[in-house]
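Participant: predicted coordinates and the sequence they were generated for:
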Amino acid sequence: MPEERFTQADVEEGISAIIYTLQDKNSTSLALERSFTENPGWDATARFPFSSDKKWSGASFGNRGTYIIGAPEFIFETLPAEKRQQIDEFAKSGYRVLSLAKKAGAFKDSTQRLELVGLVLITDELREEAKDTFRYFKSREFLFVLSLEIIQLQYQMLLFKQKLKAAIVIST
């Protein structure tokens with residue numbers, strides 16, 4: 001979703017340039033690579049691989065500038081309220097929102113003066129390892145529910161036995 005002064009082609013080329021330059025193998029990069037299949041062939045002068053601390057990755061491409069893609073809240077210190085609201089609405093709808101940003105010239109350890117090129121919406125698919133984890137917890141939950149039912153039955157049996165003893169004591 002390009003911003004006002006950018007085109008869809010600008011967004012696609014910027015994202016493609018980053019993913020084909022970095023060749024990261026994290027799930028987000030692989031998802032982007034499946035959607036952005038054309039390598040624009042831009043020559044990178046610097047690379048900034050993804051890190052979980054900074055939540056973005058990018059590269060500098062000489063005269064084309066520096067492009068960064070990642071979590072908007074980690075790339076931009078501030079965003080206009082209406083843009084922040086739009087991002088929040090997308091997130092509430094179940095999308096993971098990434099921003100593509102651009103800066104003229106080389107990157108100098110700062111995300112200041114970055115311009116928002118566009119937003120990228122990703123729907124997350126459950127990873128295979130996550131499916132196994134959910135299956136594990138689901139089976140444990142099932143056992144937990146069974147355990148609770150057994151405890152309830154045992155408690156009811158205990159109450160019944162106590163009532164039975166009380167009835168026997170009263171009748172004798």
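Facilitator: Right, received. Where do you want to start? Numbering: from 1, shown residues only.

Participant: buried ones in stretch 20-35?
Facilitator: Y20, T21, L22, D24, T28, S29, A31, L32, E33 (16 or more other Cβ atoms under 10 Å). Yep, even glycine has a C-beta here, placed from its N, CA and C like the rest.

Participant: I figured the fifth one hits V120, correct?
Facilitator: No. In this structure, T28 sits apart from V120 without contact. The criterion is Cβ atoms under 8 Å, and the distance is 9.6 Å.

Participant: common neighbours of those two, please.
Facilitator: L98 (Cβ atoms under 8 Å, 6 or more residues apart in numbering).

Participant: can you report how many residues lie near Y67?
Facilitator: Neighbours of Y67 under the rule other Cβ atoms under 10 Å: 28.

Participant: let me see the contact set for the closest residue to it other than its chain neighbours.
Facilitator: Excluding its sequence neighbours, the residue lying closest to Y67 (Cβ to Cβ, 6 or more residues apart in numbering) is G14, at 4.6 Å. Applying Cβ under 8 Å, 6+ apart to G14 gives the contacts Y67, I69, L100, K102, V117.

Participant: rewinding a little: quick one: which of the buried residues of stretch 20-35 is nearest A106?
Facilitator: Comparing the buried residues of stretch 20-35 against A106 with Cβ to Cβ places T21 closest, at 14.6 Å.

Participant: pLDDT score assigned to the closest one?
Facilitator: With respect to pLDDT, T21 scores 92.

Participant: and the buried residues of stretch 20-35, which two are the farthest apart?
Facilitator: With Cβ to Cβ as the measure, no two of the buried residues of stretch 20-35 lie farther apart than T21 and A31, at 16.9 Å.

Participant: sketch out the low-pLDDT regions of the chain for me.
Facilitator: 107-112, 124-128, 130-131, 133-172 (pLDDT under 70).

Participant: strands of that one, start to end?
Facilitator: Residue ranges of the strands in the chain, as given by DSSP state E, are 46-48, 56-60, 66-70, 96-103, 115-122.

Participant: list just the one of the ones you listed that sits closest to D88.
Facilitator: strand 96-103 (8.8 Å).

Participant: wait, I122 sits on S99?
Facilitator: No. Contact criterion Cβ under 8 Å: I122 and S99 do not qualify, at 11.8 Å.

Participant: who's more crowded, these two?
Facilitator: Taking other Cβ under 10 Å, I122 and S99 do not tie; S99 has more neighbours (25 against 15).

Participant: show the contacting residues for the more buried one.
Facilitator: Residues in contact with S99 (Cβ under 8 Å, 6+ apart) are I69, G70, A71, P72, I75, F76, L116, V117, G118, L119, V120.
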